[in-house]
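S.K.: Model the structure of this input:
(one chain, ligands or ions: 2)
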Amino acid sequence: MKNKKTGEYYCLGIESTADDFSIGISTFKGEILANIISAYIPEKGGIHPREAARHHAEVASQVLEEAFRKSGLKPRDLLVIAFSQGPGLGPCLRTGATVARALASYLNLPLVGVNHCIAHIEIGKLTKRVKDPVTLYVSGGNTIVSAFDLGRYRVFGETLDIALGNCLDSFAIEAGLRQSHGMPFGAMVEKLARKGKKLIPLPYTVKGMDTSFSGLLTAAVNLLKKGEHKLEDLCYSLQETAFSMVTEVTERALAHTEKKEVLLTGGVAANKRLQSMVEAIAEEHNAKFCVVPSEFAVDNGAMIAWTGVLAYKSGLVTPIEKSFVKLKWRLDEVEVPWVK
Ligand code: ATP
Ligand code: FE2
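M.R.: Ligands and ions are numbered 1, 2, ... in the order given. Predicted coordinates for the structure are as follows:
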């Protein structure tokens, strides 16, 4: 309900599509009051969906408590509960959805199922004061070039197989790199790539507007195993090739749509080399270039809370009996009446 002291309304958002469990709280005006993220870091290798889901279940109440503490709000101050309904890993999504349903029914509040990919775009627009961008969203699970047209965010290009972040992570794992101090694999590849000098030819695959990284990954791993090249040069070449592919597609989407803003988001957006490549094409097309700040570029609850606000204000709610998770929910399936 409306807070008597502040006259504000609040939405709590739950994010749990993959390896992060996060809860954010947003006012109806878009002020983010809390954004607590608990990352699941596997002991070795990639994410195991059930292990990640177990992590989410274990930390849920602690993250919730922390979000209330940070925001200074009480559960009864809330007006809406939003959650990431998809796309993502089944066990992880279900854990977040269960927490959301429990909260909504206990507090007798409306529930809003949010599309995770749309949430990435909306929080980027909010935090960077961008209105109508071409968005390049690159993470461990997604590689999408999107822009708004006729009632929906359209997909201009996407990966045909693995995501860009997954390609970097898999290469790092094959190279025997170990995650330490919470440094993501992609950041380790970036650090090594900075010392790389030699550009080794690797498969560059853009089909129409779509990208493919699995052949690139296989080729890079094969060269790694041969041991003829320095790891630094391989990291450098992998980055140059993969980033050129997504930049090419982003540029074509920009030329086609004639939008005046480019937004870079997702975990891989933290990469300085990728930033400079995308910035260069934005400049060429006289478009403003923005990188979403890391806290809001990685998977986070604040983006779900804010998109929940936008959806709720447009009259969209998700009855509990229809709140099943959607593992392959595409962003272009969703009407976004709040975007004009
Ligand atoms: P999603 O569910 O949206 O697919 P995710 O679970 O992959 O997201 P994110 O935190 O958005 O989570 O992205 C993580 C990815 O970002 C990982 O692949 C990681 O290696 C990559 N990454 C993080 N920092 C960097 C960096 N500096 N350079 C390149 N990649 C990076
Ligand atoms: Fe994400």
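
S.K.: Need the residue closest to the centroid of the chain.
M.R.: Compute the mean C-alpha point of the chain, and by Cα atoms, centre = their mean the closest residue is residue 266, 4.1 Å away.

S.K.: Spatially nearest residue to the residue of the stretch 1-150 of the chain found nearest ligand 1 (excluding sequence neighbours)?
M.R.: Nearest residue of the stretch 1-150 of the chain to ligand 1: residue 140, at 2.3 Å (Cβ to the nearest ligand atom). Using the backbone N, CA and C atoms, a C-beta is placed for each residue, glycine as well. Leaving aside its chain neighbours, residue 140 sits nearest to residue 165 (3.9 Å; criterion: Cβ to Cβ, 6 or more residues apart in numbering).

S.K.: For the helix or strand containing the one you found, list the C-alpha coordinates in PDB.
M.R.: Per DSSP states H and E, residue 165 falls inside helix 164-174. Output in PDB follows, covering the C-alpha atoms of helix 164-174 (Å, rounded to 0.1, in the frame of the first residue of the first chain):
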ATOM      1  CA  LEU A 164      29.100 -14.900 -25.900                       C
ATOM      2  CA  GLY A 165      29.800 -15.100 -22.200                       C
ATOM      3  CA  ASN A 166      29.500 -18.900 -22.200                       C
ATOM      4  CA  CYS A 167      32.100 -19.000 -25.000                       C
ATOM      5  CA  LEU A 168      34.500 -17.000 -22.900                       C
ATOM      6  CA  ASP A 169      33.800 -19.000 -19.800                       C
ATOM      7  CA  SER A 170      34.200 -22.300 -21.500                       C
ATOM      8  CA  PHE A 171      37.500 -21.300 -23.000                       C
ATOM      9  CA  ALA A 172      38.700 -20.100 -19.600                       C
ATOM     10  CA  ILE A 173      37.700 -23.400 -18.000                       C
ATOM     11  CA  GLU A 174      39.500 -25.400 -20.800                       C
END
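
S.K.: related to what we said a few turns ago, contact partners for the nearest residue to the residue nearest to the centre of the chain once chain neighbours are set aside?
M.R.: Spatial nearest neighbour of residue 266, chain neighbours left out: residue 139 (3.5 Å); criterion: Cβ to Cβ, 6+ apart. Applying Cβ atoms under 8 Å, 6 or more residues apart in numbering to residue 139 gives the contacts 120, 163-165, 266-268, 298-299.

S.K.: cool, residue 113 as well?
M.R.: Contacts of residue 113 (Cβ under 8 Å, 6+ apart): 82-83, 85, 318, 322-323.

S.K.: per-residue confidence at the residue of the stretch 1-150 of the chain closest to ligand 1?
M.R.: Listed pLDDT for residue 140 reads 94.

S.K.: What of residue 268?
M.R.: The predicted local confidence for residue 268 is 98.

S.K.: Confirm it sits in a helix?
M.R.: Yes. Read with DSSP: H, G, I helix; E, B strand; the rest coil, residue 268 is one of the residues of a helix.

S.K.: who does the helix or strand hosting residue 92 touch, helix- and strand-wise?
M.R.: Residue 92 is part of helix 90-107, with elements assigned from DSSP H and E. Here helix 90-107 touches strand 10-15, helix 49-71, strand 80-86, strand 111-115, going by 3 or more Cβ pairs under 8 Å, 6 or more residues apart in numbering; DSSP states H and E.

S.K.: Throw those into JSON lines and include distance to ligand 2 and mean pLDDT, thanks.
M.R.: Formatted as JSON lines, the helices and strands packed on helix 90-107 follow (distance: least, Cβ to the ion, whole Å; pLDDT from 0 to 100):
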{"stretch": "strand 10-15", "distance to ligand 2": "8", "mean pLDDT": "98"}
{"stretch": "helix 49-71", "distance to ligand 2": "13", "mean pLDDT": "97"}
{"stretch": "strand 80-86", "distance to ligand 2": "9", "mean pLDDT": "98"}
{"stretch": "strand 111-115", "distance to ligand 2": "11", "mean pLDDT": "98"}
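
S.K.: Which one, of the ones you listed, ends up nearest to residue 188?
M.R.: With Cβ to Cβ as the criterion, residue 188 lies closest to helix 49-71 of these, at 20.5 Å.

S.K.: Cheers, nothing more for now.
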